[in-house]
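Q: Okay, predicted coordinates and the sequence, questions at the end:
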Protein chains: 2
Amino acid sequence: MSITVVGSVGLDTVETPSGKNEEGLGGAAVYFSLAAANLTQVNLVAIVGDDFPEAHVALLESKNINLDGLEKAEGKTFRWTGKYHDDVNERDTLDTQLNVFADFHPKVPEAARTAPYLFLGNIHPSLQLEVLDQAKSGFVGLDTMNLWIDITLDDLKAVLKRVNCLIINDGEAKQLTGQLNLRDAATDIQAMGPDIVVIKKGEHGCMLFGADGEIFAIPAFPLEEVKDPTGAGDSFAGGFMGYIATQDATDFDTLRQAVVYGSAMASFTCEAFGPDALATVDKGKLETRYTAFRQLTNF
Amino acid sequence: MSITVVGSVGLDTVETPSGKNEEGLGGAAVYFSLAAANLTQVNLVAIVGDDFPEAHVALLESKNINLDGLEKAEGKTFRWTGKYHDDVNERDTLDTQLNVFADFHPKVPEAARTAPYLFLGNIHPSLQLEVLDQAKSGFVGLDTMNLWIDITLDDLKAVLKRVNCLIINDGEAKQLTGQLNLRDAATDIQAMGPDIVVIKKGEHGCMLFGADGEIFAIPAFPLEEVKDPTGAGDSFAGGFMGYIATQDATDFDTLRQAVVYGSAMASFTCEAFGPDALATVDKGKLETRYTAFRQLTNF
């Protein structure tokens, strides 16, 4: 089954202890799409400026990602600049330029509207609501961030009522619910709408909470070197949602496997700057990493 | 096979968001012994003062823990007072009174010396060396802490050369090696002596590193409520070493299972104040929790 993703496409300038990458391809929807495209057909809905390099478009097209929903507007593409600490689990945002993204109102093409699976990347909840009003998907996944929890909680709660799954990091889950225990946080989030909650914990892996109280937990893949974690969470979401879409199932065993595919995608992303490593993933590499996760966790 | 543990026995005053426990039974060697005693025969080597309650001695004896090495000295028992934050992964030590522990020199009885397995609890490395000079064990596990890494690193390095396994938390592993990546930290620790390194990450579970580069990782058990995490790490060590001793094997598959038994013991400890929950564990509860870990992590 196909999947539609709405979110940011941009140019990232990133510095980590391993080096620096100037104005590379970035944005949550890019990482999501590249990860999911290994598993299923993806429709990307986003906006870029007239300075967006053709080579990036060509890369996405080479992965059979449908770009009918990629609007090209006059002006500059969204840009983000960040610097990671020596401990790459910590980072500072140095600059954010919304540019054409500031006036973005997602226009979802017909094929993308009818995709059975939809992922609402981390954009303003009011835009996520606009997408929900256009879409006819049966299963909707959602990402959000601390900023929206802070400044537009009512809109976010309206979105939460209409989605099946929230994929969120641990700090955000605690902020959204006021709970310190992640089990309690997941229960509270489920009461807000989504049956399925995935809480990402960065280097510590992630936890999956099902509709009937089921819990699954997995460590992160212990990489020899984390070169650039930018987009790891979005890659996780792409692997997770992509696997659900390709199986067209949301029973808990499928969800467990989806978490492993998501974790595998996140681990690839960390191995190089930007989406460089993620873009070279193929079915063989993916199955090898899946098996390595089994080896890592099996007893 | 039997196991000998040397470490602290004391009286703990602990406050957590769930309540307060005044002068309860505590000390690393107590948690270790109670956990390991579910799996194998334990010899406890420690010191207490003449104020140490008989009821605590009776509890340890009821678990068939050999107390021939529990020295009773004139004076007061070791005391520790701590307060946990609302986030129970953080705590402050409010008071430490060494009392009779200040002049402790472990005297290991003959039966304890010849136990095939030995665990050196977190005491001054020079005392750990005294124990090593008395013991004839074939396999030695070690714990330590930030204080000894700070003030007596040479003694600690001398101990590390003589042990088979280090069980340490993530912050200490980073401090000991200067490495931020736990894989690198484990490799550096292995170069200091121990073939096997276990890095505990509290609420995030733990990682096991084998002699041939093998890695195993497991999340912590997601408890509904963490009432008091005091002694969880020592309980982990007791379950881990106890399982190795009862299997009398250190191949990597056995070590993986030992990590699960250790994690199970740690989870029980967190369920009540002091060792109250740990002391009620039996083989049935242990196997149920082991199965729950499989359910939590299997895909």
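A: Looks like it came in fine. Numbers count the residues shown, from 1 in each chain, chains lettered A, B, ... in the order given.

Q: Would you mind listing what in the stretch 101-250 of chain A touches chain B?
A: Applying C-beta under 8 Å from any C-beta of the partner chain, we find that the stretch 101-250 of chain A lies next to chain B at A:180-183, A:201, A:204-205, A:207, A:215-219, A:222-226. Bear in mind the C-beta positions are built from the backbone N, C-alpha and C, glycine included.

Q: So which of those are in helices?
A: A:182-183 (DSSP state H).

Q: wait, is A:Ile47 part of a strand?
A: Yes. Per DSSP: H, G, I helix; E, B strand; the rest coil, A:Ile47 lies within a strand segment.

Q: which residues sit in contact with A:Gly274?
A: A:Gly274 is in contact with A:12, A:14, A:21, A:24-26, A:228, A:230-231, counting by C-beta atoms under 8 Å, 6 or more residues apart in numbering or on different chains.

Q: Relative to chain B, how far out is the closest residue to it other than its chain neighbours?
A: Of all residues not flanking A:Gly274 in the chain, A:Gly24 sits nearest, at 3.9 Å (C-beta to C-beta, 6 or more residues apart in numbering or on different chains). According to C-beta to the nearest C-beta, to the nearest Å, A:Gly24 and chain B sit 23 Å apart.

Q: Which helix or strand contains A:Gly24?
A: According to DSSP states H and E, A:Gly24 maps onto strand A:19-26.

Q: buried ones in stretch A:168-179?
A: Within stretch A:168-179, the residues that count as buried by 16 or more other C-beta atoms under 10 Å in any protein chain shown are A:168-170, A:172-177, A:179.

Q: State the mean pLDDT of it.
A: Averaged over stretch A:168-179, pLDDT sits at 97.

Q: ok, and what's touching the host helix or strand of A:Gln128?
A: Taking DSSP H and E as the definition, one finds A:Gln128 inside helix A:125-134. The contact list for helix A:125-134, computed with C-beta under 8 Å, 6+ apart, reads A:6, A:45, A:104-108, A:113, A:118, A:120, A:140, A:142, A:144, A:148, A:152, A:155-156, A:158-159, A:162.

Q: of those residues, buried ones?
A: Buried members of those, scored by 16+ other C-beta under 10 Å, are A:6, A:45, A:104, A:106, A:108, A:113, A:118, A:120, A:140, A:142, A:144, A:148, A:152, A:155-156, A:158-159, A:162.

Q: Just those residues: which are in helices?
A: Counting by DSSP H, these place A:113, A:148, A:155-156, A:158-159 in helices.

Q: can I get those in a markdown table with pLDDT?
A: Formatted as a markdown table, these follow (pLDDT from 0 to 100):
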| residue | pLDDT |
| --- | --- |
| A:Arg113 | 97 |
| A:Trp148 | 97 |
| A:Asp155 | 98 |
| A:Leu156 | 98 |
| A:Ala158 | 98 |
| A:Val159 | 98 |
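
Q: What's the biggest helix in chain A, counting residues?
A: helix A:252-270.

Q: Following element in sequence after it, please.
A: Downstream of helix A:252-270, the first helix or strand assigned by DSSP H and E is helix A:283-297.

Q: Remind me what that following helix packs against, helices and strands.
A: Counting by 3 or more C-beta pairs under 8 Å, 6 or more residues apart in numbering or on different chains; DSSP states H and E, the packing neighbours recorded for helix A:283-297 are helix A:252-270, strand B:215-218.

Q: tell me the contacts of the residue nearest to A:Glu172 when sequence neighbours are not counted?
A: Sequence neighbours aside, A:Asn146 is the residue nearest to A:Glu172 in space, at 5.7 Å (criterion: C-beta to C-beta, 6+ apart). Going by C-beta under 8 Å, 6+ apart, A:Asn146 touches A:171-172, A:175.

Q: ok, A:Val100 touching A:Phe52?
A: No. Using C-beta atoms under 8 Å, A:Val100 is not in contact with A:Phe52; the gap is 9.1 Å.

Q: re earlier: want to throw the contacts of A:Gly274 into CSV with distance to A:Ser33?
A: Supplementary listing: the contacts of A:Gly274 in CSV, determined by distance: C-beta to C-beta, whole Å:
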residue, distance to A:Ser33
A:Asp12, 15
A:Val14, 19
A:Asn21, 19
A:Gly24, 16
A:Leu25, 11
A:Gly26, 12
A:Asp228, 18
A:Thr230, 15
A:Gly231, 11
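
Q: could you flag which of these are buried?
A: A:12, A:14, A:21, A:24-26, A:228, A:230-231.

Q: would you list every one of the strands in the stretch 1-150 of chain A?
A: Taking DSSP state E, counting those that start in this stretch to define them, one finds strands in the stretch 1-150 of chain A at A:3-6, A:10-16, A:19-26, A:42-48, A:66-72, A:78-84, A:91-97, A:117-120, A:139-142.

Q: Distance to A:Thr246 and mean pLDDT added to those strands, as CSV?
A: As requested, these are exported to CSV (distance: least, C-beta to C-beta, whole Å; pLDDT from 0 to 100):
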stretch, distance to A:Thr246, mean pLDDT
strand A:3-6, 9, 98
strand A:10-16, 27, 98
strand A:19-26, 24, 97
strand A:42-48, 11, 98
strand A:66-72, 16, 98
strand A:78-84, 29, 97
strand A:91-97, 32, 96
strand A:117-120, 9, 98
strand A:139-142, 13, 98
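
Q: and B:Tyr290, which of the ones you listed is closest to it?
A: B:Tyr290 lies closest to strand A:139-142 among the strands of the stretch 1-150 of chain A, at 33.2 Å (C-beta to C-beta).
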